[in-house]
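> Sharing a model that was predicted from the sequence below.
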Amino acid sequence: VVIFPPIDAVQEFSEETTDADARYGRGNAGTINLIYKSGTNQYHGELFEFLRNSALDARNYFDTAAKPGFKMNEFGATFGGPLFTRNNPKTFFFADYSGQRTRQGLTDVDTVPDFQLTPKGYDFSAYSQTIKNPTTGVAYANNFIPLSDVNPTGANILNFYHKYASPNISGKTTANNFLFNPERSVTEDAFDVKVDHRFSNIDNAFVRYSQARDSIAQPGILPVPLVGAVICGPAQDPAHQAVLIETHVFSPTTINTVRFGWSRFFVFAQNWDAGLQLPTQLGIPGVEVTGDRLSDGLPVMSFAGNTSIGDAGNSPTQIGTNNYQWDDNVNLVRGKHSLDVGVELVRLQYNMFQTAYEHGTMAYGTAYSGLAWTDLLFGAPKSGAYQYQHGTRGFRQTDLSFYVQDNYKVGSRLTLNLGVRYEHFL
């Protein structure tokens, strides 16, 4: 679904919850048919506003401090009527606008490293696990690791983590020890304009244009620049759609409908750490590609039993689609048969920049030293991956389809829905 019109702009809708009939391809269930309202002989309009805030919301179980704020406003308007004259009008318009503004406080409880950095080394005595040297296998007394044994890059990453997220929940030590309350914001604006024209009693048409723009700021589960390796970040989703439909009545039992549709949808998602050049600062080689700003971001680093850090693995993302659709349908009523015979042509254009590990991943376990944090400190990940994509990838496809649908009313209690559809991918 590309466009989500407000309820007040919908005349009617239906959903095919089982196998759709032969008129609809590319899916075997969940086909939605939606009809927008049209203007009438009189001018009509509506205004609406929905407000919700945190005043009456219950406190989250994990909200040990102040209750996170929540404000949501949904608002809009519709207006329609004759376009040029109210005396025997033949042209009508209908327009709507809807907007949403949401600011939602979130609650995240994380497990972050608990250690003390001294001039001589790292003190992990808060942990009950025995920490050993991964090379010699000898345990460290009191879980104290001297500076001479650590990996410089691992130390940079651990210190970086501790700088932005150190334990802040009273009474918690090594688990569920960090509370983070970020805010999620959503800004949405959308409008539709529909114009109907009656050429004659047997010929009418309408054109509709719709546009929607969403802007989302989804925080991570840790403060920036740690982020938390979840799907998050600023994102924009502009969408456009245009429809032109002409209906001609040859007779009460023969009706022809020609449709043309165009949909354009984009996803622009950014990573929170873009432009900070963190891999270079931390000493992680092979991530940033010279001249490619999209390669800049913090790799996903996971730590067994603890909270991960890093930009979302699939960010940044750039996805663009253009869908063009033309079809001609003839409806024939012959006795107990209602026949639909038609042809459909679809042109798909798809451009994409996205991989699963755009800045790389590193997973740290307990196999080498006994603790994920110290495996990091020794620079000993158990696995890793990296997928770099230079530029976008394109996909183009043209589909030509033919169909016949027969809704045969056998009796007052039985109707047979029979259909056949042929699809050819050019």
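Thanks, I have it. Numbers count the residues shown, from 1 in each chain.

> C-alpha from now on. contacts and neighbour counts both.
Fine.

> the strands in the stretch 201-350 of the chain, which residues?
When assigned using DSSP state E, counting those that start in this stretch, the strands of the stretch 201-350 of the chain occupy the ranges 203-218, 233-236, 239-251, 254-269, 300-303, 317-334, 337-353.

> And for the stretch 51-200 of the chain?
Listed in chain order, the strands of the stretch 51-200 of the chain (DSSP E, counting those that start in this stretch) span residues 70-82, 91-105, 108-110, 116-117, 121-123, 144-146, 178-180, 183-200.

> what are the pairing partners of the fourth one, and which direction each?
The one in question is strand 116-117. Here the strand partners of strand 116-117, with direction, are listed using DSSP bridges: strand 121-123 (antiparallel).

> Same question for the partner strand: list its buried residues.
122-123 (16 or more other Cα atoms under 10 Å).

> which residue packs closest to residue 241, ignoring adjacent ones?
Residue nearest to residue 241 in three dimensions, not counting chain neighbours: residue 263, with 4.4 Å by Cα to Cα, 6 or more residues apart in numbering.

> so who does the one you found touch?
2, 239-242, 321-324 (Cα atoms under 8 Å, 6 or more residues apart in numbering).

> List buried members of those by neighbour count.
2, 239-242, 321-324.

> okay, those in CSV with pLDDT and distance to residue 395 next?
Supplementary listing: the buried ones among the contacts of residue 263 in CSV, determined by pLDDT from 0 to 100; distance: Cα to Cα, whole Å:
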residue, pLDDT, distance to residue 395
2, 84, 19
239, 97, 19
240, 97, 20
241, 97, 20
242, 97, 22
321, 96, 9
322, 96, 11
323, 96, 12
324, 97, 14
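
> For stretch 377-392, list the C-alpha coordinates in CSV.
The C-alpha atoms that make up stretch 377-392 are tabulated as CSV, following Å, rounded to 0.1, in the frame of the first residue of the first chain:
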residue,chain,number,x,y,z
LEU,A,377,39.4,-5.9,25.0
PHE,A,378,41.7,-8.6,23.6
GLY,A,379,40.5,-7.9,20.1
ALA,A,380,39.2,-11.4,19.6
PRO,A,381,35.8,-11.6,17.9
LYS,A,382,34.4,-15.0,17.2
SER,A,383,32.9,-14.0,13.8
GLY,A,384,32.3,-11.1,11.5
ALA,A,385,30.9,-10.1,8.1
TYR,A,386,31.1,-7.1,5.7
GLN,A,387,29.0,-6.3,2.6
TYR,A,388,29.9,-3.2,0.7
GLN,A,389,27.7,-2.1,-2.2
HIS,A,390,29.0,0.6,-4.5
GLY,A,391,26.0,2.6,-5.9
THR,A,392,22.5,1.4,-6.4
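
> averaged over its residues, what pLDDT does that stretch have?
Across stretch 377-392, pLDDT averages out at 93.

> which other residues reach that stretch?
134, 149-151, 153-155, 158, 295, 318, 351-365, 367-368, 375.

> Buried residues, it. List them.
Within stretch 377-392, the residues that qualify as buried by neighbour count (16+ other Cα under 10 Å) are 377-381, 386-388.

> Out of the strands of the stretch 201-350 of the chain, which is closest to residue 145?
The minimum distance between residue 145 and those falls on strand 300-303, with 18.6 Å, by Cα to Cα.

> Check what contacts the closest one and list those residues.
By Cα under 8 Å, 6+ apart, the surrounding residues in contact with strand 300-303 are 229, 308-313, 357, 359-365, 372-373.

> Give me the number of neighbouring residues for the closest residue to residue 336 other than its chain neighbours.
If the residues on either side of it in the chain are set aside, residue 336 comes closest to residue 409, at 5.3 Å by Cα to Cα, 6+ apart. One way to gauge burial is a neighbour count; for residue 409, by other Cα atoms under 10 Å, it gives 15.

> Next, residue 409: phi, psi?
For residue 409, the backbone dihedrals are phi -90, psi 100 (criterion: degrees, to the nearest 10).

> Redo the strands of the stretch 201-350 of the chain as a markdown table? Include distance to residue 80.
Output for the strands of the stretch 201-350 of the chain, formatted as a markdown table (distance: least, Cα to Cα, whole Å):
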| stretch | distance to residue 80 |
| --- | --- |
| strand 203-218 | 13 |
| strand 233-236 | 30 |
| strand 239-251 | 18 |
| strand 254-269 | 22 |
| strand 300-303 | 51 |
| strand 317-334 | 27 |
| strand 337-353 | 32 |
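
> tell me the most buried of those strands?
For the strands of the stretch 201-350 of the chain, ranked by mean neighbour count under the definition mean count of other Cα atoms under 10 Å, the leader is strand 300-303 at a mean of 23.

> For that one, what is the distance to the chain centroid?
Here strand 300-303 is found 23 Å from its chain centre; the criterion is Cα atoms, centre = their mean, to the nearest Å.

> now stretch 248-267
That offset, for stretch 248-267, works out to 30 Å (Cα atoms, centre = their mean).

> per-residue confidence averaged over it?
Per-residue confidence for stretch 248-267 averages out to 97 on the pLDDT scale.

> Check the gap between residue 183 and residue 105 for me.
Distance from residue 183 to residue 105, counting by Cα to Cα, to the nearest Å: 4 Å.

> Thought residue 277 was touching residue 293, still the case?
No: using Cα atoms under 8 Å, residue 293 makes no contact with residue 277, being 9.6 Å away.

> When these two are compared, which one has more neighbours?
Here residue 293 and residue 277 are set side by side on neighbour count (other Cα under 10 Å), and the busier one is residue 277, at 16 against 12.

> Contact partners for the closest residue in space to that one that isn't next to it in sequence?
The shortest distance from residue 277 to any residue that is not its chain neighbour, by Cα to Cα, 6+ apart, is 5.9 Å, and that residue is residue 296. Residues touching residue 296, when contacts are defined by Cα under 8 Å, 6+ apart, comprise 273-279, 287-289, 359.

> do that again at 10 Å, thanks
Residue 296 is in contact with 271, 273-280, 287-290, 311, 316, 358-359, counting by Cα atoms under 10 Å, 6 or more residues apart in numbering.

> Likewise for residue 299?
For residue 299, the contacting residues are 226, 229, 278-279, 284, 287, 309-313, 357-362, 385-386, by Cα under 10 Å, 6+ apart.

> now those: which count as buried?
A residue is treated as buried here by neighbour count (16+ other Cα under 10 Å); on that basis the buried members of the contacts of residue 299 are 226, 229, 278-279, 284, 287, 309-313, 357-362, 386.

> now the residue nearest the centre of the chain: how far from residue 233?
Centroid-nearest residue in the chain, with Cα atoms, centre = their mean: residue 267, separated by 7.9 Å. Relative to residue 233, residue 267 is positioned 12 Å away (Cα to Cα).
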